[in-house]
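Participant: next input, structure requested:
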Amino acid sequence: PNPSSDVVNVSIPDNINVLGSGLYDMTGKMLNDIQLKNNSINISSLPKGVYLLKVETSKGTLTKKVIRK
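Facilitator: From the prediction side, this is the model:
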């Protein structure tokens, strides 16, 4: 769910490979301790706010807004 207070799930088709991911605050700073694992991302340790999730795949790059409530 988005907004979320703990975990955000990302739907990625089986035929697409994830090459890398990153979560960024609104200043563009990458949050190194937050990573996509098993198609989900745990944001419970983050302060409330808006973040950008960037997922690099074999088919291109996906960028989505994530809201921590």
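
Participant: does the residue nearest the centre of the chain belong to a helix, a strand or coil?
Facilitator: Compute the mean C-alpha point of the chain, and by CA atoms, centre = their mean the closest residue is Leu53, 3.5 Å away. Taking DSSP: H, G, I helix; E, B strand; the rest coil as the rule, one finds Leu53 in the strand state.

Participant: surely it meets Lys64?
Facilitator: Yes. Taking CB atoms under 8 Å as the definition, Leu53 is a contact partner of Lys64 at 5.1 Å. (Each C-beta comes from the backbone N, C-alpha and C, glycine too.)

Participant: anything in contact with each of these two?
Facilitator: Val10 (CB atoms under 8 Å, 6 or more residues apart in numbering).

Participant: now the spatially most distant residue from the centre of the chain: how far from Lys59?
Facilitator: Centroid-distance maximum for the chain: Asn15 at 19.4 Å, with CA atoms, centre = their mean. In this view, Asn15 and Lys59 are 9 Å apart by CB to CB, to the nearest Å.

Participant: residue boundaries of the strands in the protein?
Facilitator: Applying DSSP state E to the chain gives strands spanning 7-9, 18-24, 40-42, 49-57, 60-68.

Participant: mind putting those into TSV with distance to Asn32?
Facilitator: As requested, the strands of the chain are exported to TSV (distance: least, CB to CB, whole Å):
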stretch	distance to Asn32
strand 7-9	17
strand 18-24	8
strand 40-42	13
strand 49-57	13
strand 60-68	16
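
Participant: is it possible to get JSON lines of these that adds mean pLDDT and distance to Asp33?
Facilitator: Conversion of the strands of the chain to JSON lines gives the following (pLDDT from 0 to 100; distance: least, CB to CB, whole Å):
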{"stretch": "strand 7-9", "mean pLDDT": "94", "distance to Asp33": "15"}
{"stretch": "strand 18-24", "mean pLDDT": "95", "distance to Asp33": "9"}
{"stretch": "strand 40-42", "mean pLDDT": "94", "distance to Asp33": "10"}
{"stretch": "strand 49-57", "mean pLDDT": "96", "distance to Asp33": "13"}
{"stretch": "strand 60-68", "mean pLDDT": "95", "distance to Asp33": "14"}
